[in-house]
Structure formats: structure tokens, C-alpha cells
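1. Give me a model of this one.
(chains A and B)
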Amino acid sequence: DAKTTQPTSMDCAEGRAANLPCNHSTISGNEYVYWYRQIHSQGPQYIIHGLKNNETNEMASLIITEDRKSSTLILPHATLRDTAVYYCIAALYGGSQGNLIFGKGTKLSVKP
Amino acid sequence: DVKVTQSSRYLVKRTGEKVFLECVQDMDHENMFWYRQDPGLGLRLIYFSYDVKMKEKGDIPEGYSVSREKKERFSLILESASTNQTSMYLCASSFAVGPTNEKLFFGSGTQLSVL
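-> Numbers count the residues shown, from 1 in each chain, chains lettered A, B, ... in the order given. Here you go, the predicted model:
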């Protein structure tokens, strides 16, 4: 699975959009981009995933560049409860092969 | 909502003890996983199982074993606990439907301290 690179930390003001970038320049054509987050003292939580089209669900939007070498997770109206570590993962399978690699992620701090 | 339940939130054991960490999921998922999480190292996969009585080694299986006698339950066993097994242990489960719709559902974790 392709390696991903994320900033170590980011701040965001409450109520504003949080845009979390992820680089995956070696991603292969059939690898998906997955996003999970981990709120302090809890297990990771699935957010969204996509292959090449932009995706949106009730939690977030995922924007993947046309060349698929990078993506951005957007939390449209960040709240204090969105403070968490966000993991970007590029993988062929969603976990059934035991292949998801959770790196260090981006620590997002939402401030009042 | 899918629920993955880990039997203990905090556990303190002594070196050399046999330790059982239990995980139960209520959504009939085929796949179950055990990870450990340590500061600065991220999540590391210990073992996973894609069916009853089936198991596969993950990245760091040494010192651990697993048991899956029923579909909903996946146990992690530390045969002889050591201090370097002090960690947060996370259980997860997922459907086996391929990459287009697969998501991992995690439990809240068990913080194990081995003294």
C-alpha cells in the first residue's frame, strides 16, 4: 500500500471549515484513500473513503486531485468535538487483508 | 449502530500472568482484528481473523495468540505478560465485502498495564 504524508498538527477555529491535506504520490490506480479519526481515549472512527471522485457524507467531504497524488478532507463546520487525530490511509482493501496502516496522522485542534 | 465491545477499559496485570482480552461485535462481521497502540508508533496490527477458527498474523504477533471460536467473539491472549506489552489494545471488526464498502469499526480500547 502507498505511503501517505500528513502535517503533524493543525488548528481550526470553531465553526470554520477544517481542511486536512494528505499526500499519497505513489498511490496506485486501484488503491482507495481512507480517512479515520481518533478522539482522545477512544478507538478510531471511520469517516469517509474514495477512489477518484469526490465524496461527501454526513461527516465530511473528500476531495481527491485529478492525478490522485493528494487529497483533502473537509469538515465543513468544525466543532470542539472534532478535535482528534485524523489518519489518511491509501490502501487496496479496507482492512480485511489486515493491510490498513495507521501512521501518526494529523492532530486537529478546534479552538473556540 | 455497530457495536464493538471490549471487556475491560483498564487492566493491571503482573509479569508472567496469562492475560485474556475479550472483544465482542454485534453485527455479524466476518473480519475481526487486534491492534496495539503506543505513543509515537501509531496502531500496529497483532492478529486478524476472517472467519471462525481462522487467524492470520499481523505485523507484531510475537508474544500473543488469538482465539475465535464464535463469529462474534475474538480473544487476544498474552501467554506470559511482560512489561513491554503495556499498551492500549484496540479491537475492530468489518464486513468482508471488498474495498468499495469496507469500514473498520473499533472498540473503545483496553489500557493494559503490566507491572
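2. what about residue B:75, distance to chain A?
-> 17 Å (CB to the nearest CB, to the nearest Å). Every C-beta, even on glycine, is put in place using the N, C-alpha and C of the backbone.
3. Run through who's touching stretch B:14-24.
-> Stretch B:14-24 has contacts (CB atoms under 8 Å, 6 or more residues apart in numbering or on different chains) with B:4-8, B:11, B:13, B:32, B:34, B:72-83, B:89, B:91, B:93, B:107, B:110, B:112, B:114-115.
4. how far does that stretch stretch from start to finish?
-> End-to-end distance for stretch B:14-24, by CA to CA, to the nearest Å: 25 Å.
5. Residue B:74: neighbouring residues, count only.
-> 29 (other CB atoms under 10 Å in any protein chain shown).
6. and the closest residue to it other than its chain neighbours, what are its bridge partners?
-> Excluding the flanking residues, the one nearest residue B:74 by CB to CB, 6 or more residues apart in numbering or on different chains is residue B:32, at 3.9 Å. With DSSP bridges as the criterion, residue B:32 is bridged to residue B:49, residue B:93.
7. wait, isn't residue B:32 in contact with residue B:25?
-> Yes: counting by CB atoms under 8 Å, residue B:32 does reach residue B:25; the two are 6.7 Å apart.
8. list the residues that contact both of those two?
-> Going by CB under 8 Å, 6+ apart, residues that sit against residue B:32 and also against residue B:25 are B:74, B:93.
9. Look at these two and report which has more neighbours.
-> With neighbours defined as other CB under 10 Å, residue B:32 and residue B:25 compare such that residue B:32 has more, 28 against 22.
10. residues in contact with that one?
-> Residue B:32 neighbours (CB under 8 Å, 6+ apart): B:23, B:25, B:48, B:49, B:68, B:74, B:91, B:92, B:93.
11. Go through those residues and name the one nearest chain A.
-> The nearest member of the contacts of residue B:32 to chain A, counting by CB to the nearest CB, is residue B:48 at 4.4 Å.
12. What about that closest one, how many residues nearby?
-> 26.
13. Assess the claim that it and residue B:59 are in contact.
-> No: between residue B:48 and residue B:59 there is no contact under CB under 8 Å: 10.5 Å.
14. Which residues are in contact with each of the two?
-> By CB under 8 Å, 6+ apart, no residue touches both residue B:48 and residue B:59.
15. Could you count how many residues lie near residue 47?
-> The chain I'm using is chain A. Residue A:47 has 21 nearby residues by other CB under 10 Å.
16. nope, chain B please
-> Neighbours of residue B:47 (other CB under 10 Å): 24.
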